[in-house]
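A.B. asks: show me the folded form of this:
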Amino acid sequence: MNNTNEPVGIGKGLSTLERPKFGPGMLLQHEDLEQLNVYTRSLSRLLFQSFFGCGVICGLVVTAVELVDECQKLKVTVQPGVALTCAGDPVYVPAEKSACTKGYFRKDGASEVWVKLCATVKCCAPRTTTCSSDDDEATSACTREIDAFEIQLVKDRPKCACACPDDDTDQYDNDDDDDHENDCLCADITCHKNHYDGVCGCTCGDCSACDCACVLLARVYWDDQKNRWLVDHSVRRFIRPVLMRDRQVEKERAGAADEAKAAEQGAQPAPAADSEQTQTATKKSSKKAPATTK
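C.D. replies: Alright, predicted model coming up:
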């Protein structure tokens, strides 16, 4: 008796991931070997984008101070840490790094500066690629690429750098539970809505690939009452991994409950996405999800 579970329908397609295959006696070219690097990097990008999106993973705390003895420049310091760009590339800052504004920053009435971290690459170890005649110049190509970073201070909020939305004012509201020992550390905010809804990846919209390489770290602003520069980290997108329930299952169960209730009342069921029960279940699950992992 055949106990195999034969499929009743099949749909096939191709992924964008491609890895090389080698065999005995094969003549290899540089494209074959480079594909090893391309495959592993593409795979890492795909997983990072799907798991976390983009933002700050750990560290990268910003401090700011005005240098009175140096033409009152604003000095911004970023602590070591790791971030993830929208393209899925990690940005590693191994040691504390500072950046300064040019001259007296508040001379022209500047009251704030935005700090962003951008991923860059440094090419090194060049090597001659081909033999050439005496009349031709030898060409060379780099044999190593070092991941690098750049801290940029800008006067206006970056439009394309990975960050939380401007109107995201409730990301640290947690007033529904008086027992703060059991407060969930999961983010119930617009900034992470796609993450909680199970939406894949991170998109840069109309931004260029270069803009996709930047992550917003903080907003530094001048406080007239305290007479010093202050740092606001709420604008950054924090993406420490968490374990959570499947939101799609909650939506399906909420929709089934709506249909059952409507059937009892003899009315047409409302769409699950617009139902009050669905919105309530969505809000509760994002607040009551398991705490962050260490």
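
A.B. asks: where do the strands of the stretch 1-150 of the chain begin and end?
C.D. replies: 55-59, 62-67, 73-78, 81-84, 90-93, 97-100, 112-128, 140-154 (DSSP state E, counting those that start in this stretch).

A.B. asks: figure out which of those is closest to Val199.
C.D. replies: Proximity to Val199 (CB to CB) singles out strand 55-59 among the strands of the stretch 1-150 of the chain, at 14.9 Å. For glycine as for every other residue, the C-beta is placed from the backbone atoms N, C-alpha and C.

A.B. asks: and the closest one, which residues are buried?
C.D. replies: By neighbour count with 16 or more other CB atoms under 10 Å, strand 55-59 contains the buried residues Gly55, Val56, Ile57.

A.B. asks: how about low-confidence regions in this structure?
C.D. replies: 1-3, 70-71, 107-108, 129-136, 167-189, 201, 203-211, 243-244, 267-294 (pLDDT under 70).

A.B. asks: show me the residue at the heart of it, geometrically.
C.D. replies: What sits nearest the mean C-alpha location of the chain, by CA atoms, centre = their mean, is Cys54, with 0.4 Å.

A.B. asks: max-length helix in the chain?
C.D. replies: Ranked by residue count, the top helix of the chain under DSSP state H comes out as helix 30-52.

A.B. asks: and for that helix, what's in contact with it?
C.D. replies: Here helix 30-52 makes contact (CB atoms under 8 Å, 6 or more residues apart in numbering) with 16-20, 22, 84, 86-90, 195, 200-202, 239, 241.

A.B. asks: just the buried members of the residues you listed?
C.D. replies: Buried by 16+ other CB under 10 Å: Leu84, Cys86, Ala87, Gly88, Asp89, His195, Cys202, Ile239, out of those.

A.B. asks: quick one: the second one and Ala119 touch, right?
C.D. replies: What it means is Cys86. No: assessed by CB atoms under 8 Å, Cys86 is found out of contact with Ala119, at 10.2 Å.

A.B. asks: picking up where we left off before, beta-bridge partners for the closest residue in space to the residue nearest to the centre of the chain that isn't next to it in sequence, please?
C.D. replies: Distance criterion CB to CB, 6 or more residues apart in numbering; nearest residue to Cys54, sequence neighbours excluded, is Cys162 at 3.9 Å. For Cys162, the beta-bridge partners are Val215 (DSSP bridges).

A.B. asks: so who does the closest residue to Pro94 other than its chain neighbours touch?
C.D. replies: Leaving out its chain neighbours, the residue that sits closest to Pro94 by CB to CB, 6+ apart is Pro80, at 5.9 Å. Residues touching Pro80, when contacts are defined by CB under 8 Å, 6+ apart, comprise Gly59, Leu60, Val93, Pro94, Ala95, Glu96.

A.B. asks: from the residues you listed, pick the one nearest Tyr221.
C.D. replies: Nearest to Tyr221 among the contacts of Pro80, with distances taken as CB to CB, is Leu60, at 18.3 Å.
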